[in-house]
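Visitor: sequence-free structure coming up:
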C-alpha cells in the first residue's frame, strides 16, 4: 500500500516511523498547499493528514484513495461527505491529548491565581532585589481551594479537568441546555463561577458564545480559560472586558485564525497584565504526540486488515 503523510510540520519533533512502517511505499511531506497537493497525493491509497485541507475537489481527483487517517480529533479539514461518496474510509484520533490539555488548563488557572507571569517580570526587572522586605506581594494571589469552576463542554476534556480541579478543592458547575439534569443554562452559571473553562467544539450555534453580554454576567473577580476553539470567544469583547475590569483576567490558548496575524485583537493586547496567551500548544506534550502517532498506526493497520476503527464517516 502506498501511503502519503502530508504535514509533519504541525506535529513538531516526533518519531513517525510507526506510521511510515505500515506502508510498502511512502512519501512524507512537511507541509502541503492547494497548489502542490494533487502531485503529492497522486497514486496514494492512504493519506495521513493533520491540518491540511482535503476539499471535495482534492478528494474527487484522488482516484486510488481508499483511506484517510486524520492525526487529530477534529475533522473539519476533511470533506467527509466527499470521502463517503467515493467510499473512502476516514478515521481520526481520540483522547490522545487529554492529560496534556488537562495539565495545561490547570497550569493556566494556577498562573492566573498566583499572578506568576507578573511576578516573573518583577524579578527580571529587579523589583525583588530592591524590595525593603523579604517578599513581593504587589499582585493579589488567590487560592483555587473553595473557588467555583464553570465548565462549558463536559466531554472527555471537560470531565477530566473537573476531576483535577476537585482535587484542588474546587467546586464545579457544568453548563448545559435547559432541562439537562445537573447542568445549568449559561446565563445562570456565569454569575456563580470564579473560573470559566471552555472545552466544547466550535459550532455555528456557539460561535462567539463568550461575548460582551455573557462577559457582563461574570464576576469582576472571575477568570476565563479557553483551550478549546478561538471562535468561541469574541476577541474584541474580551479585550474590552479585560481593559475595563469586567473580569479579572483570561488565559487563552486558541485564537480565531491560526497562526494569528499581528492585527488579531488578542495579539495586539498580549501585553495586558491580566492576559496570558499560549500558542495553541495545550495538546502538545511529547507523550500526547507519541500517543497520536500510535493511534494513527492502529488506524492504518486496522484498515489494512479490513476492520477499520475510529471511523468518522
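Guide: Noted; the coordinates are in hand. In this text, all values refer to a predicted model and were calculated from it rather than measured experimentally.
Visitor: contact partners for residue 2?
Guide: Residues in contact with residue 2 (CB atoms under 8 Å, 6 or more residues apart in numbering) are 23-27, 43-46, 64. C-beta: built from backbone N, CA, C; applies to glycine.
Visitor: so of those residues, which ones are in strands?
Guide: 25-27, 46 (DSSP state E).
Visitor: now do the contacts for the residue lying closest to residue 292 once chain neighbours are set aside.
Guide: Spatial nearest neighbour of residue 292, chain neighbours left out: residue 96 (4.7 Å); criterion: CB to CB, 6 or more residues apart in numbering. For residue 96, the contacting residues are 73, 288, 291-292, 295, by CB under 8 Å, 6+ apart.
Visitor: just put the residues you listed in TSV and tack on neighbour count and pLDDT.
Guide: Converted to TSV, these look like this (neighbours: other CB atoms under 10 Å; pLDDT from 0 to 100):
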residue	neighbour count	pLDDT
73	18	93
288	20	98
291	18	98
292	23	98
295	21	98
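Visitor: tell me how many other residues crowd the nearest residue to residue 88 once chain neighbours are set aside.
Guide: The shortest distance from residue 88 to any residue that is not its chain neighbour, by CB to CB, 6+ apart, is 5.5 Å, and that residue is residue 65. Look at residue 65: counted by other CB atoms under 10 Å, it has 23 neighbours.
Visitor: can you give me phi and psi for residue 65?
Guide: Residue 65 adopts backbone torsions of phi -70, psi 130, taken as degrees, to the nearest 10.
Visitor: circling back: quick check: ChimeraX command selecting the buried ones in the ones in strands among the contacts of residue 2.
Guide: One line in ChimeraX is enough to select the buried members of the ones in strands among the contacts of residue 2, burial here meaning 16 or more other CB atoms under 10 Å:
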select :26,27,46
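Visitor: so residue 262 touches residue 270, yeah?
Guide: No: in this structure residue 262 lies outside contact range of residue 270 using CB atoms under 8 Å: 10.1 Å.
Visitor: quick one, which of these two is more surrounded?
Guide: Set residue 262 next to residue 270 and count neighbours by other CB under 10 Å: residue 270 wins out with 12 against 6.
Visitor: below-threshold pLDDT in the stretch 51-200 of the chain: ranges please.
Guide: Screening the stretch 51-200 of the chain residue by residue with the criterion pLDDT under 70, one finds the ranges 178-179.
Visitor: mind listing the strands for it?
Guide: If DSSP state E, counting those that start in this stretch is used as the criterion, the strands of the stretch 51-200 of the chain fall at 67-70, 89-91, 148-152, 171-174, 195-198.
Visitor: now do the helices in the protein.
Guide: The residue ranges that make up the helices of the chain, judged by DSSP state H, are 17-20, 37-41, 56-61, 80-85, 98-114, 116-124, 156-167, 186-189, 212-216, 235-243, 265-268, 286-304.
Visitor: now render the ones you listed as CSV, adding distance to residue 10.
Guide: As requested, those are arranged in CSV below (distance: least, CB to CB, whole Å):
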stretch, distance to residue 10
helix 17-20, 14
helix 37-41, 15
helix 56-61, 18
helix 80-85, 20
helix 98-114, 15
helix 116-124, 27
helix 156-167, 20
helix 186-189, 32
helix 212-216, 31
helix 235-243, 23
helix 265-268, 20
helix 286-304, 10
